[in-house]
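> turn this into a structure:
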Amino acid sequence: MANHKSAEKRARQNTKARLRNKMYRTRVKTLTKEVLHSIDEGSPEQTQEVLIKAIRAIDKARSHGPYHRKTASRKISRLSRLAAKSQAGGSV
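Next up, the predicted model:
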């Protein structure tokens, strides 16, 4: 464990940051699964609605740190492409 006052504070900060990052990543994963589920159900309105929520969550996670900007962009692109393909009538 930490021996200096500054190291103890850093450990506390790291714990808070880890939990905050975990919250953002978990939210992104949950919304991604919701998008995939709504694509499987085949309801375009619900898919679009959940897709917008997922994109917002990914952008927020990117701005707060857990995801690199290119990782966030890749996730958004893949989800959007799947949603567009499902609405066009293609198989997923």
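
> if you average pLDDT over stretch 41-60, what comes out?
What stretch 41-60 shows for mean pLDDT is 94.

> and the contacts of the helix or strand hosting Ile52?
In this structure, Ile52 sits in helix 44-64 according to DSSP states H and E. If you take Cβ atoms under 8 Å, 6 or more residues apart in numbering as the criterion, helix 44-64 is touched by 20-21, 24-25, 27-28, 31-32, 34-35, 38-39, 67-69, 71-72, 75-76, 79-80, 83, 86-87. Where you see a C-beta, it was placed from the backbone N, CA and C, and this is true even at glycine.

> what angle sits between the next helix-or-strand element following it and helix 44-64?
As assigned by DSSP H and E, the chain's next helix or strand after helix 44-64 is helix 69-87. Angle, helix 69-87 to helix 44-64, by axes from the mean of the first three to the mean of the last three Cα atoms, to 10 degrees: 180 degrees.

> now tell me what touches helix 69-87 from outside.
With Cβ under 8 Å, 6+ apart as the test, helix 69-87 has contacts from 28, 32, 35-36, 39, 42, 44, 47-48, 51, 54-55, 58-59, 61-62, 67, 92.

> one more time with 7 Å
Applying Cβ atoms under 7 Å, 6 or more residues apart in numbering, the contact partners of helix 69-87 are 32, 35, 39, 44, 47-48, 51, 54-55, 58-59, 61-62, 92.
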